[in-house]
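> Coordinates for the following, if possible.
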Amino acid sequence: MKKYFNIAGPCNPDKHYMILSESRCKGIKDLIDQEQYFLIHAARQSGKTTLLLDLTRKLNDEGRYHAMYCSLESAQGIAEAKEGIPAIINIIRNVIKYSKHIPVKDYPANQEISQFNVLLKESLTDFCMSLNKPLIILFDEADCLLNGTLISFLRQLRDGYVNRSMIPFVHSVGLIGMRNIRDYKGKIIEDSETLGSASPFNIVTKVMTLRDFTKEEVSVLYAQHTEVTGQVFSPEVIDSVYHQTQGQPWLVNAVVREIITEILGSDYSKSVTPEHVGQAVETIIQRRDTHIDSLLERLKEERVRKVVEPVLIGEEKGFDFTDDDYQYVLDLGLMKNIKGVLKPSNPIYAEVIVRKLSSASQMSMDSSGFPPEAPAYLENGILNMKKLLTDFQQFWRDNSEIWQERFLYKEAAPHLILTAFLQRVINSGGRTDRELATGRKRLDLCIHYQNHRYPIEIKIRQGPKTYDEGKTQLSDYMDTLGCDKGWLVVFDRRKKQSWKSKLFWKTGKTDNKEIYIVGC
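Next comes the predicted model:
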């Protein structure tokens, strides 16, 4: 069987092209040798389970330890410890039963259920006493536990850890999930749950994360396919993939799989081009696979909105790095902090976030048939932006009050409605690039249609200075694109201003570039 790029479940080196996950999370074996408990957190489908399975196999092959991988996913949602702890024990028992590497199959039987507060600790102690080597357990999906089950699970591990110089216990434990251990407290949702003085969360020596691929690793991954098939990926293709994905493992695999199997029909004699990358990215965005959809569902959460909305509008907002909501969004993988600037983790996420939040508006536009698609605005192969944005001004005047109320992200409503309007226009064959980040005080986007680029900057009016500031910012953005024409759209949200004063069109020059100011 030929190897392939995997986008479903953990990777297997015998079946899949892959970059060894251990290279992206170094130091685990040292912690295990030092008998430490540790935590690894990373966003979904970033290679955590692949790392754990590979590490379990290597530890067992080396022969110094008995290692077991144990997913706690089936205990999700069991809030009461008297039910959750026996469920965890049953999971451990089944792993041991079918393990090829652990010789002792008789895991201690369940004790009286009323003893659930010591059940896990005592059964692990008894099992460790029966083994001839130290036991390592890697608990995957540890952050799916909640309430009493979570507290009791951590307390019993901590109790065993603290007393293991006197009483045998697990040599090293890894807790793996999407969240940092500080955020496990968020899984305690009942006011009646108290932690007491000895915090069960004070259990791990080190917290690690699993980084994304570097551009060099993307190149190495794709070269494995080249070695087998002869199909080459040029540096331009690698650059394009890395730009769109920023090395997010699932996206890196999904883009190339879409190109090879769907666009090129597994014909390895055909060349891969940067245009294929753009085509694959658009398909992935529109298809909304489970990976994308699970992220987008989080946008409905208020704690996510508080962090994401300032990014959409470029608000100058400082986040406390200890803020739980801020860290939650980072842990989800939706956003990243680069030198104090918060932005979407990659251009694909940026695009799907905006499209998700504006999808209801676009569906309404599709139903009404307005605005028309791009051919209605074409003149000699060029979009008539004056006609297009004048149509939007009228649309905004007629619909803004009602449409803004539909949005959970009300501060970003003008930006989202305009992007929905533009997306509807270019759906017949164009695309949009967006620049989203806190502190920019605007949203930059560029429409690509039939080999022409149309840079647009969206701002909220804060005062007269908004226009001069916007022209300078747009001019800088145009420099990066090599364009000599740009459009500055400014929304005036003052209640008492008339529409006559809000809606206008002005033409000017900044740094020898034509800039059209569109008042809305």
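
> ok now do D267, which residues does it touch?
By CB atoms under 8 Å, 6 or more residues apart in numbering, D267 lies in contact with nothing. Any C-beta I mention is one placed from the backbone N, CA and C, and that applies to glycine too.

> For it, grab phi and psi.
In terms of degrees, to the nearest 10, the main-chain angles of D267 are phi -90, psi 100.

> check which helix or strand covers L124.
In the assignment (DSSP states H and E), L124 maps to helix 116-130.

> Could you list every helix and strand in contact with that helix?
Applying 3 or more CB pairs under 8 Å, 6 or more residues apart in numbering; DSSP states H and E, one finds that helix 116-130 makes contact with helix 81-98, strand 135-140, helix 147-162.

> now the first one against helix 116-130, angle please.
I take that to be helix 81-98. Here helix 81-98 runs at an angle of 20 degrees relative to helix 116-130 (axes from the mean of the first three to the mean of the last three CA atoms, to 10 degrees).

> okay, helix 81-98 in CSV with CA atoms only?
Provided in CSV are the C-alpha atoms of helix 81-98 (Å, rounded to 0.1, in the frame of the first residue of the first chain):
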residue,chain,number,x,y,z
ALA,A,81,-16.9,11.2,40.7
LYS,A,82,-18.8,8.1,42.0
GLU,A,83,-19.6,7.4,38.4
GLY,A,84,-16.6,9.0,36.6
ILE,A,85,-13.8,7.3,38.6
PRO,A,86,-15.1,3.8,37.9
ALA,A,87,-15.5,4.7,34.3
ILE,A,88,-11.8,5.8,34.2
ILE,A,89,-10.7,2.6,35.8
ASN,A,90,-12.7,0.6,33.2
ILE,A,91,-10.9,2.5,30.5
ILE,A,92,-7.5,1.6,32.0
ARG,A,93,-8.5,-2.0,32.5
ASN,A,94,-9.5,-2.3,28.8
VAL,A,95,-6.2,-0.7,27.6
ILE,A,96,-4.2,-3.2,29.7
LYS,A,97,-6.4,-6.1,28.5
TYR,A,98,-5.5,-5.6,24.9
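
> I'd assumed V518 was in a helix, is it?
No: read with DSSP: H, G, I helix; E, B strand; the rest coil, V518 is strand and lies in no helix.

> how near is the spatially most central residue of the chain to S165?
In the chain, the residue lying closest to the centroid (CA atoms, centre = their mean) is G333, at 3.2 Å. The spacing between G333 and S165, counted by CB to CB, to the nearest Å, is 39 Å.

> still on that earlier bit, leaving out sequence neighbours, find the closest residue to the residue nearest to the centre of the chain.
With CB to CB, 6 or more residues apart in numbering as the criterion, G333 has its nearest non-adjacent residue at 2.6 Å, and that residue is A43.

> how about low-confidence regions in this structure?
Judged by pLDDT under 70, the chain has its weakly predicted residues at 110-114, 181-201, 316, 438-439, 441.

> Next secondary structure after the biggest helix by length in it?
If you go by DSSP state H, the chain has its longest helix at helix 347-368. Following helix 347-368 in sequence order, the next helix or strand is strand 378-379 (DSSP H and E).

> residues in contact with that following strand?
N384, Q450.

> Neighbouring strands of that strand in the sheet, and parallel or not?
strand 382-383 (antiparallel) (DSSP bridges).

> Spit out the contact partners of Y454.
By CB under 8 Å, 6+ apart, Y454 lies in contact with L383, M385, C446, I447, C483, K485, G486, W487.

> Quick check on the residues you listed: which are buried?
Buried subset of the contacts of Y454 (neighbour count, 16 or more other CB atoms under 10 Å): L383, M385, C446, I447, C483, G486, W487.

> Tell me the one of those nearest L59?
L59 has its nearest neighbour among the buried ones among the contacts of Y454 in C446, at 49.7 Å by CB to CB.

> would that closest one count as being in a strand?
Yes: counting by three-state DSSP, one finds C446 located in a strand.

> from what I can see it touches T432, true?
Yes: between C446 and T432 there is a contact at 6.9 Å, judged by CB atoms under 8 Å.

> partners of the lengthiest strand in the chain in the sheet?
For the chain, the longest strand by residue count, based on DSSP state E, is strand 452-460. Next to strand 452-460 in the sheet, as set by DSSP bridges, lie strand 443-449 (antiparallel), strand 485-491 (parallel).
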